[in-house]
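Novice: return atomic coordinates for the entry below.
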Amino acid sequence: MRTLNKILTVATAVAALGGSVLATASPASAASRNGKCESGEFCLYFNSGNKGSVSDFTGSVADYGTKQPSCFDFKGSGAGKGKCVKNSAASVWNRSSKTVRVYFNSNYGGRYQDFKAGAKGNLNSGLKNQNASHEFAPGSTSKCSTAGLGDRRTCAQAVAWAKSHITHTYHSDYANRCDHVVGLAYGFSASGSTSAYRHWLAVPSRYKHPGSTNVPAGGLAFFSGGYGHVMISIGGGKFVSNDIGGKGTLTVTTIGAIKSKWGKPYLGWTQPWFQANH
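Specialist: Reported below is the predicted structural model:
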């Protein structure tokens with residue numbers, strides 16, 4: 001899925017001729033995560049008392065993952081460095097401006113413990129080394145918004161476009177052109193990015209929700225692996241994606257289906273920000 005837009009045919013040609021291959025990246029290698037607990041971040045520590053290696057986050061994560069290289073890991077120096085965060089954290093420091101909730105289960109489920117802005121502390125006995133997800137501002141519902149983005153369609157209009165263009169018949173404009181498809185949904189003739197993964201990297205952090213699978217209708221869900229993949233949410237955990245139901249088609253699918261069928265690690269979702277107009 002997973003390919004280049006016609007807008008940048010030079011880049012396509014370079015790749016075809018054996019140019020440098022686009023580097024892949026997992027959620028655990030996001031540039032904003034450097035193993036230091038900085039202002040605005042929520043940090044998990046490998047040991048109690050805010051000791052050991054640190055894993056720092058700027059947003060909610062619904063599933064940390066369980067295996068390298070795709071899991072969120074401890075990045076700071078000290079005990080635990082390189083280990084996956086899931087079921088391995090003992091303490092936290094919330095340096096963000098929002099309450100953060102740590103959950104026993106993935107996808108924000110099971111028992112939990114809240115940490116207010118600025119709070120430091122150990123995970124309680126029910127969560128120490130049994131942590132599977134965390135949520136910024138628990139209870140709030142993120143919504144798709146085009147405010148200030150200059151999109152040619154609203155989130156609702158983009159969803160309506162996606163639903164109205166569902167097809168099981170081959171269409172040359174959809175085949176291997178996932179980033180182009182989401183651009184079409186929002187009224188652009190091309191997204192402006194050379195691939196879905198490049199699109200993800202270009203989106204400013206304030207419009208990103210790394211790791212979150214609670215994607216509102218109109219939000220764009222991204223995956224890494226090769227050129228990556230992107231699809232548009234139509235709400236209720238469902239998405240319209242090209243190629244997953246057959247090359248050149250647009251069909252309804254899920255995040256789980258993309259991960260299972262194509263083996264692509266999930267990155268998170270973004271508001272409809274496009275390089276075409278930025």
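Novice: going forward, measure contacts between C-alpha atoms and count neighbours the same way
Specialist: Will do.
Novice: and H209, how far is that from Y266?
Specialist: Using CA to CA, to the nearest Å, we find H209 at a distance of 11 Å from Y266.
Novice: out of those two, which sits in the busier spot?
Specialist: When H209 is set against Y266 and neighbours are counted by other CA atoms under 10 Å, the residue ahead is Y266, at 27 against 21.
Novice: could you measure from the more buried one over to N87?
Specialist: 19 Å.
Novice: all helices of this protein, in order?
Specialist: Per DSSP state H, the chain carries helices over the ranges 9-16, 155-164, 178-185, 196-202, 255-262.
Novice: how about residues contacting the second one?
Specialist: Identification of contacts with helix 155-164 by CA atoms under 8 Å, 6 or more residues apart in numbering yields 144-146, 185-187, 217-219, 232-234, 240, 272.
Novice: dump these to TSV, plus distance to S205.
Specialist: As requested, the contacts of helix 155-164 are exported to TSV (distance: CA to CA, whole Å):
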residue	distance to S205
C144	15
S145	15
T146	15
A185	22
Y186	20
G187	23
A217	20
G218	18
G219	15
I232	19
S233	19
I234	23
V240	24
P272	13
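Novice: pLDDT weak spots in this structure?
Specialist: The model of the chain has pLDDT under 70 over residues 1-32, 139-142.
Novice: and stretch 232-248, which residues are buried?
Specialist: Judged by neighbour count (16 or more other CA atoms under 10 Å), stretch 232-248 contains these buried residues: 232-234, 238-245, 247-248.
Novice: identify the farthest-apart pair in these.
Specialist: Spatially, the most separated pair among the buried residues of stretch 232-248 is I234 and K247, at 20.5 Å (CA to CA).
Novice: ok, the contacts of helix 155-164 vs T194, which is closest?
Specialist: Distances from T194 to the contacts of helix 155-164, taken by CA to CA, are shortest for P272, at 16.2 Å.
Novice: is it true that the closest one touches A221?
Specialist: No: contact criterion CA atoms under 8 Å: P272 and A221 do not qualify, at 10.0 Å.
Novice: what's the burial count for the closest residue in space to N94 that isn't next to it in sequence?
Specialist: Leaving aside its chain neighbours, N94 sits nearest to F42 (4.5 Å; criterion: CA to CA, 6 or more residues apart in numbering). Around F42 there are 29 other residues, counting by other CA under 10 Å.
Novice: enumerate every residue touching V203.
Specialist: 270, 273-274.
Novice: and L127, by the same measure?
Specialist: Applying CA under 8 Å, 6+ apart, the residues near L127 are 102-104, 111-113.
Novice: S77 now?
Specialist: 35, 52-54.
Novice: now swap in K128 and tell me
Specialist: Here K128 is in contact with 87-91, 122 (criterion: CA under 8 Å, 6+ apart).
Novice: and for G82?
Specialist: Contacts of G82 by CA under 8 Å, 6+ apart are 73-75.
Novice: for W200, state which of these is nearest.
Specialist: D73 (20.3 Å).
Novice: and the gap between that closest one and V215?
Specialist: 23 Å.
Novice: so which of those two has more stuff around it?
Specialist: D73 (30 against 26).
Novice: my guess is that one meets S55, correct?
Specialist: Yes: taking CA under 8 Å as the definition, D73 is a contact partner of S55 at 6.4 Å.
Novice: okay, and the common contacts of the two?
Specialist: In contact with both D73 and S55: V85, using CA under 8 Å, 6+ apart.
Novice: residue boundaries of the strands in the protein?
Specialist: 42-47, 51-57, 91-94, 100-105, 109-115, 120-122, 133-136, 208-210, 220-223, 229-235, 238-243, 246-253, 266-270 (DSSP state E).
Novice: quick revisit: now render the buried residues of stretch 232-248 as CSV, adding distance to K259.
Specialist: Putting the buried residues of stretch 232-248 into CSV (distance: CA to CA, whole Å) gives the following:
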residue, distance to K259
I232, 15
S233, 16
I234, 18
K238, 14
F239, 13
V240, 15
S241, 13
N242, 14
D243, 14
I244, 11
G245, 14
K247, 17
G248, 19
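Novice: which one of these is nearest to R152?
Specialist: Closest approach to R152 among the buried residues of stretch 232-248 (CA to CA): I232, at 15.6 Å.
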